[in-house]
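A.B. asks: This is a predicted model, with the sequence first.
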Amino acid sequence: MFHNIRIKIGQYYFKKEKSGEDRQCKMTNLQDAKRIGILYTLEDVPDYDRVSEFVTQLQGNHKEVKALGFVQNKNLIQRFLPKISYDFFSKRDLTWFYKPIHAQVKDFIEKEFDLLIDLSLNDSFPLKYISGLSNALLRVGRFSEENTAYYDLMIDMKPTMTSEEYLGQIQHYLTIIKTHAKRL
């Protein structure tokens, strides 16, 4: 119950910040996107490996990629030191109502990505907060009625879907999108 109250306060502050936003969504696909932001939750080594493989694939296609991971376990922060394309933040970088306040988070939100992809499988208010305020032209995340304030394009995920399958769905839909589509 206490957690839900904190989330509600965070949502209130999110809506307050978002109300001043003057942003136009623009459809883009993986081929045309030049600058891509990736958000993810880092819970264990396979999560990092999966994201790292995806980032490497995108960079191999001459994309500028920046990945921001929300680390659940303090021990993982020491294991995965930030690299040029990777930054991390943890629970200690959140306010009482789960707003991320880390300097790298602010930089990530302000960066003008062509495409922002949230790879998290579970609800993570800090990642949704970042997505919803991002300057990205197109924000992509997991489908739910609640997520309409945070994402422009949502991918429906079955309860049994693995993270690999979810990533495959994201890649599939971001490959077939026509870039000459009208603005949302």
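C.D. replies: Great, that's in hand. Numbers count the residues shown, from 1 in each chain.
A.B. asks: And the strands in this structure?
C.D. replies: In the chain, the strands defined using DSSP state E lie at 35-42, 64-71, 86-90, 115-118, 139-142, 153-155.
A.B. asks: In the chain, what helix or strand scores lowest on average pLDDT?
C.D. replies: Every helix and strand of the chain was ranked by mean pLDDT, DSSP states H and E. The lowest is helix 74-79, at a mean of 63.
A.B. asks: For Lys158, see how far away the residue nearest to Trp96 when sequence neighbours are not counted is.
C.D. replies: The shortest distance from Trp96 to any residue other than its chain neighbours is 6.5 Å, reached at Arg6 (C-beta to C-beta, 6 or more residues apart in numbering). Quick note: C-beta positions are derived from backbone N, CA and C, even for glycine. In this view, Arg6 and Lys158 are 29 Å apart by C-beta to C-beta, to the nearest Å.
A.B. asks: same deal with Gly10?
C.D. replies: The gap separating Gly10 from Lys158 is 28 Å, by C-beta to C-beta.
A.B. asks: When these two are compared, which one has more neighbours?
C.D. replies: Neighbours around Gly10 and Lys158, counted as other C-beta atoms under 10 Å, are more numerous at Gly10. The numbers are 21 against 9.
A.B. asks: Leaving out the residues flanking it, which one is nearest to that one?
C.D. replies: Phe97 (4.0 Å).
A.B. asks: What of Glu164?
C.D. replies: Spatial nearest neighbour of Glu164, excluding adjacent residues (C-beta to C-beta, 6+ apart): Arg50 at 6.8 Å.
A.B. asks: Near the one you found, how many other residues are there?
C.D. replies: The number of residues packed around Arg50, counting by other C-beta under 10 Å, is 16.
A.B. asks: Next, work out how far apart it and Ile155 are.
C.D. replies: Computed as C-beta to C-beta, the Arg50 to Ile155 distance reads 16 Å.
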